[in-house]
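*Asks:* need a 3D model of the following:
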Amino acid sequence: MSQPPINLREDTWPGCKPGKYFQRGRFLKIDEIKVDLEAKRKSKNVRDQTLSLIMLRNINAMAEDPLMQFMRRSPAKLTVSRLQHVTGLDGFQGITNDGGFKGKAKNISATDSEIWQCFSWWSIVVSQETITSIRENWRHRIPAATLNQFPNSPVFDSESRYGNFTFSFPVEDLLRAYSEQHCSGETPVFRVLGTWTYQQEIAHTILVHSAEYNHVFSDFPDISADPTEAIYRVEDGTFMCNLESTCSKIDGTSCVWNNPIFAFYLPGFSQESQLKLDFSRTTLTACSATQDNYMQTRGARMPVSEANKYIQSYFEEERNANY
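*Replies:* Residues are numbered from 1 along each chain as shown. Sure thing, here's the model as predicted:
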């Protein structure tokens, strides 16, 4: 299947902050995003002129930085071994009460029309061992002062923008559960959902769905084995990521950064449409929430000690219920 043309569409929904764009069915590189945003700056659409300005400024801030120049030639390559879903108190209580994850609606139209579908959203987990390994591989290729800036984007941060409660699982466990519950035991289908761009974040998103819904997503390309793609899948089924940027700031100046995302298709809102998982002390943990927290709901940000109390209470209730 040939790739769709580059056409970043403004992504809006009730309560959404301006400055977000969506490219359907493609993983865009930073230079491709820059070209499209520059065209928007020159267009007669005043809104596009305004919305593209901040991200263009953040992209241009990277142009002369040695680390960013190096990474554009040699992206940070990561193996996807674990995925996480982070939420605030309301989300935590909803998930633990239901024993699983519901889909959240997103507009995936390529045009100004609306095509809403429901997905459960998961980001990658990067271990400290992986960070150390990359640093070691790069140690003799770039100056130490430059290397010290790697990494500082939210992908590598132990704090979260989404709340204090982290649900994390090995990717094979998540895929096995999804296969058994939503694919009749068959292997899920993996496609390129697209690229969301924000003022700094570039979210490359993998779509995971049952073959039952091939007719719904047939115009989205299958995930590639091309090792130059932002996310690709090798012969043994392992997912790999190429990150062109791992920094949200360079010498105090804001820039753009890559965020690999997995979107599990969960149509509808019934119990049957959820992704059910078993929680343990290793798959449900507390984390610090950043000051720029995205979740404007009850308990979106609290001390880690308080979040741990909620988690402790949940496991105690589960233990008592099983006696």
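*Asks:* C-alpha only now, for contacts and for neighbours.
*Replies:* Noted.
*Asks:* flag the shaky bits of the protein, pLDDT-wise.
*Replies:* 1-4, 12-19, 269-271, 292-300, 322-323 (pLDDT under 70).
*Asks:* residue closest to the middle of it?
*Replies:* residue 261 (2.9 Å; Cα atoms, centre = their mean).
*Asks:* can you give me the strands in the stretch 51-200 of the chain?
*Replies:* Secondary structure of the stretch 51-200 of the chain (DSSP state E, counting those that start in this stretch): strands located at 76-80, 82-87, 100-101, 104-107, 116-124, 165-170, 189-197.
*Asks:* quick one: which of these is nearest residue 49?
*Replies:* Judged by Cα to Cα, the one of the strands of the stretch 51-200 of the chain that comes nearest to residue 49 is strand 189-197, at 15.4 Å.
*Asks:* contacts for the helix or strand just after the closest one next, please.
*Replies:* Next in sequence after strand 189-197, counting helices and strands by DSSP states H and E, comes strand 201-209. The contact list for strand 201-209, computed with Cα atoms under 8 Å, 6 or more residues apart in numbering, reads 27-28, 183, 188-197, 223, 230-231, 256-265.
*Asks:* any idea which helix or strand comes after strand 201-209?
*Replies:* By DSSP H and E, the next helix or strand past strand 201-209 is helix 214-217.
*Asks:* thinking again about what came up before, you'd agree the residue nearest to the centre of the chain is in a strand?
*Replies:* Yes. Under DSSP: H, G, I helix; E, B strand; the rest coil, residue 261 sits within a strand.
*Asks:* distance-wise, check residue 285 relative to residue 46.
*Replies:* Using Cα to Cα, to the nearest Å, we find residue 285 at a distance of 45 Å from residue 46.
*Asks:* oh, that last question was meant for residue 230, not what I typed.
*Replies:* For residue 230, the distance to residue 46 (Cα to Cα) stands at 31 Å.
*Asks:* more neighbours: which of these two?
*Replies:* The residue with more neighbours, out of residue 230 and residue 46, is residue 230; 25 against 11, by other Cα atoms under 10 Å.
*Asks:* skip the chain neighbours and tell me the closest residue to that one.
*Replies:* Once flanking residues are discounted, residue 230 sits nearest to residue 242: 4.8 Å by Cα to Cα, 6 or more residues apart in numbering.
*Asks:* enumerate every residue touching residue 152.
*Replies:* For residue 152, the contacting residues are 246, 247, 248, 249, by Cα under 8 Å, 6+ apart.
*Asks:* need phi/psi at it.
*Replies:* For residue 152, the backbone dihedrals (degrees, to the nearest 10) come out as phi -140, psi 20.
*Asks:* go on, residue 288?
*Replies:* With angles defined as degrees, to the nearest 10, residue 288 sits at phi -80, psi 150.
*Asks:* from residue 303, how far out is it?
*Replies:* Distance check for residue 288 against residue 303: by Cα to Cα, it reads 7 Å.
*Asks:* which one's more surrounded, those two?
*Replies:* Neighbours per residue (other Cα under 10 Å) separate residue 288 from residue 303, with residue 288 holding more: 21 against 12.
*Asks:* who's in contact with the more buried one?
*Replies:* Residue 288 sits next to 158, 159, 160, 163, 164, 302, 303, 304 when contact means Cα under 8 Å, 6+ apart.
*Asks:* and residue 258, that's in a strand?
*Replies:* Yes. Applying three-state DSSP, one finds residue 258 inside a strand.
*Asks:* could you report the neighbour count for the closest residue to it other than its chain neighbours?
*Replies:* Of all residues not flanking residue 258 in the chain, residue 202 sits nearest, at 4.8 Å (Cα to Cα, 6+ apart). Other residues near residue 202 come to 25 when the count uses other Cα under 10 Å.
*Asks:* identify the bridge partners of residue 202.
*Replies:* In this entry, residue 202 is beta-bridged to residue 197, residue 258, by DSSP bridges.
*Asks:* now do it against residue 120, distance only.
*Replies:* From residue 202 to residue 120 the distance is 18 Å (Cα to Cα).
*Asks:* again, but for residue 140
*Replies:* Here residue 140 is placed at a distance of 40 Å from residue 120 (Cα to Cα).
*Asks:* right, and residue 10 touches residue 22 too?
*Replies:* Yes. Contact between residue 10 and residue 22 holds when scored by Cα atoms under 8 Å: they sit 6.3 Å apart.
*Asks:* neighbour-wise, which of the two wins?
*Replies:* Neighbours around residue 10 and residue 22, counted as other Cα under 10 Å, are more numerous at residue 22. The numbers are 26 against 20.
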